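S.K.: Could you look at this predicted model? Sequence included:
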There are 2 protein chains.
Amino acid sequence: MSEKPTSKDILIEAASRLFRIRGYYGVGLKEIIEESSIPKGSLYHYFPNGKEELAIEAINHAKDLVLREIKHVFDSNDDPVKALQDHVYELSKLFGENGDLVGLPIGTIAGETYSTSEPIRLACQDAFTQWQSIYVNEFLDAGYSRERSKELSFAINALIEGGILLSLTAKSAEPLQAISKLIPSLFMNK
Amino acid sequence: MSEKPTSKDILIEAASRLFRIRGYYGVGLKEIIEESSIPKGSLYHYFPNGKEELAIEAINHAKDLVLREIKHVFDSNDDPVKALQDHVYELSKLFGENGDLVGLPIGTIAGETYSTSEPIRLACQDAFTQWQSIYVNEFLDAGYSRERSKELSFAINALIEGGILLSLTAKSAEPLQAISKLIPSLFMNK
DNA sequence: GTCTATACGGTGATAGAC
DNA sequence: GTCTATCACCGTATAGAC
């Protein structure tokens, strides 16, 4: 660990950041190699299947980042509802006003490619599923029924993806803040 | 009304449909003119600012469609909560399995362009705002406080945009159905 | 006002030198 | 293994014929 990052890692991180901000079709390979100062030939050495393969690794990279973040959120608070509420409030500060540089982790790519690239669609689906499985386990532990926990995991994921999109579009923290305030209502019935 | 559609209308409808499915950067002008059987020169006659201008009109077109749909939903049911629940359940049937041809009305374009085209970002923001203003008025009428109504309008919009994205990505009605079931919980506290 | 032909830069991808 | 040179194609946009 903590070795100096390989060319492959640098490419994945640059691609992940750019895809989040402008989506799959909105970013060219040229920009990715310029940003990472790695020649185009090397990209095809590491990713023989080109842009699609790079995108899948970039999606998995973003998935893992968010996964760690979600786990951390629940670890640092005994009450899962309060933990989620605080998490979304923190997101509102990240995505309001100057949130341009962050972007939707996966949503935009998913919306562009669900009908054109089955491998990318599956990578996005896998990310959503893994995030939600953390939610489900937390809600089960907190005493909600299995059915209710699963429904809640869909709703939380949709609220966060949708809320980030609204905040980015409005360049405002307000949408995510409103969502943060409403989260406890969702959990009224076990 | 009900005249035969002009070339401009045909272009807007084709663009709107394609942009919903693959986003702004995922669709080329070539495909739009092929689909609508209208020559490229005519496109620039009707939309001197090219793709960006066409996209803005396509967004407004999609916005109006959804706006009418939302109004209809509330008109056909006295209970706004039940109306929303039924609406999302109907959406689940539309976007599961064979929902490929429908696509996110505005979310994908918003996610791709919020940082690259200010005119398009504003058009998307306007769409979200207009949809939510319908929600706010309905919730006010139903007795919720102004603050709560506004929060709820953000949450409902995020749940629907996020839920459609999840259903498209999973090629399944399940995410939107789960969200439909949970909607009443959101409205427990006035 | 409608449509054809074309310009020209950028796209993802590849071959092969070092 | 790393990088350069180049490909064929597609992107948006435009000029100008009818």
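M.R.: Good, I have the coordinates.
S.K.: tell me which residues in stretch A:125-143 are buried?
M.R.: For stretch A:125-143, a neighbour-count test (16 or more other Cβ atoms under 10 Å in any protein chain shown) marks A:125, A:126, A:127, A:128, A:131, A:132, A:134, A:135, A:136, A:138, A:139, A:142 as buried. No exception for glycine: its C-beta is placed from N, CA and C like everyone else's.
S.K.: go on, stretch A:9-22?
M.R.: Taking 16+ other Cβ under 10 Å as the criterion, stretch A:9-22 shows A:10-22 as buried.
S.K.: Check what pLDDT the closest residue to DNA strand C within chain A gets.
M.R.: Closest residue of chain A to DNA strand C, Cβ to the nearest atom of the strand: residue A:50 (2.3 Å). Among the per-residue scores, residue A:50 holds a pLDDT of 92.
S.K.: Over to residue A:188?
M.R.: So residue A:188 comes in at 88 (pLDDT).
S.K.: Then residue A:1?
M.R.: On the pLDDT scale, residue A:1 is placed at 47.
S.K.: ok, now the one 10 residues further on?
M.R.: Among the per-residue scores, residue A:11 holds a pLDDT of 93.
S.K.: That one and residue A:113, how far apart?
M.R.: Per Cβ to Cβ, to the nearest Å, residue A:11 is found 19 Å from residue A:113.
S.K.: show me where pLDDT drops low in chain A?
M.R.: Residue ranges of chain A with pLDDT under 70: A:1-4, A:189-190.
S.K.: Give me the distance between the residue in it that DNA strand D sits nearest to and residue A:53.
M.R.: In chain A, the residue that lies nearest DNA strand D is residue A:41 (2.5 Å; Cβ to the nearest atom of the strand). According to Cβ to Cβ, residue A:41 and residue A:53 sit 15 Å apart.
S.K.: The two: which is more packed in?
M.R.: Neighbours were counted for residue A:41 and for residue A:53 using other Cβ atoms under 10 Å in any protein chain shown; residue A:53 has more, 16 against 8.
S.K.: Double-check that one against residue A:44; I have them as touching.
M.R.: No - Residue A:53 is not in contact with residue A:44 according to Cβ atoms under 8 Å; the separation is 9.6 Å.
S.K.: distance between stretch A:116-134 and the chain's centre?
M.R.: 10 Å (Cα atoms, centre = their mean, to the nearest Å).
S.K.: touching chain B at all, it?
M.R.: Yes - Stretch A:116-134 is in contact with chain B by Cβ under 8 Å from any Cβ of the partner chain, via A:116, A:121, A:124, A:125, A:128.
S.K.: Which ones among these map onto helices?
M.R.: Among the residues of stretch A:116-134 next to chain B, the residues falling in helices (DSSP state H) are A:121, A:124, A:125, A:128.
S.K.: who are the neighbours in contact with the third one?
M.R.: Going back to what we said before, that points to residue A:125. With contact set as Cβ atoms under 8 Å, 6 or more residues apart in numbering or on different chains, residue A:125 has these partners: B:169, B:170.
S.K.: Quick one: name the residues of chain A near DNA strand C.
M.R.: Residues of chain A lying near DNA strand C by Cβ under 7 Å from any atom of the strand: A:27, A:28, A:29, A:30, A:31, A:40, A:41, A:44, A:50, A:51, A:52.
S.K.: Can you tell me how far the closest residue to the first one other than its chain neighbours is from chain B?
M.R.: Taking Cβ to Cβ, 6 or more residues apart in numbering or on different chains, and ignoring the residues beside it in sequence, residue A:27 has residue A:18 as its nearest neighbour in space, at 4.5 Å. With distances defined as Cβ to the nearest Cβ, to the nearest Å, the gap from residue A:18 to chain B amounts to 11 Å.
S.K.: how much space is there between residue A:18 and residue B:115?
M.R.: 11 Å.
S.K.: Residue A:91 now?
M.R.: In this view, residue A:91 and residue B:115 are 17 Å apart by Cβ to Cβ.
S.K.: so can I have a markdown table of the buried residues of stretch A:9-22 showing secondary structure and distance to DNA strand D?
M.R.: Formatted as a markdown table, the buried residues of stretch A:9-22 follow (DSSP: H, G, I helix; E, B strand; the rest coil; distance: Cβ to the nearest atom of the strand, whole Å):
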| residue | secondary structure | distance to DNA strand D |
| --- | --- | --- |
| A:10 | helix | 10 |
| A:11 | helix | 11 |
| A:12 | helix | 14 |
| A:13 | helix | 16 |
| A:14 | helix | 14 |
| A:15 | helix | 16 |
| A:16 | helix | 20 |
| A:17 | helix | 20 |
| A:18 | helix | 18 |
| A:19 | helix | 18 |
| A:20 | helix | 22 |
| A:21 | helix | 19 |
| A:22 | helix | 14 |
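S.K.: Tell me the secondary structure at the residue nearest in space to the middle of chain A.
M.R.: Residue closest to the mean C-alpha point of chain A, counted by Cα atoms, centre = their mean, is residue A:105 at 3.3 Å. Secondary structure assignment for residue A:105 (DSSP: H, G, I helix; E, B strand; the rest coil): coil.
S.K.: re earlier: which one's more surrounded, residue A:91 and residue B:115?
M.R.: Taking neighbours as other Cβ under 10 Å, residue A:91 and residue B:115 compare with residue A:91 leading, 22 against 17.
S.K.: mind listing what that one touches?
M.R.: So residue A:91 contacts A:160, A:163, A:164, A:167, A:176 (Cβ under 8 Å, 6+ apart).
S.K.: Please determine how far the residue lying farthest from the centre of chain A is located from residue A:7.
M.R.: The C-alpha centroid of chain A is most remote from residue A:41, which lies 29.1 Å away (Cα atoms, centre = their mean). In this view, residue A:41 and residue A:7 are 11 Å apart by Cβ to Cβ.
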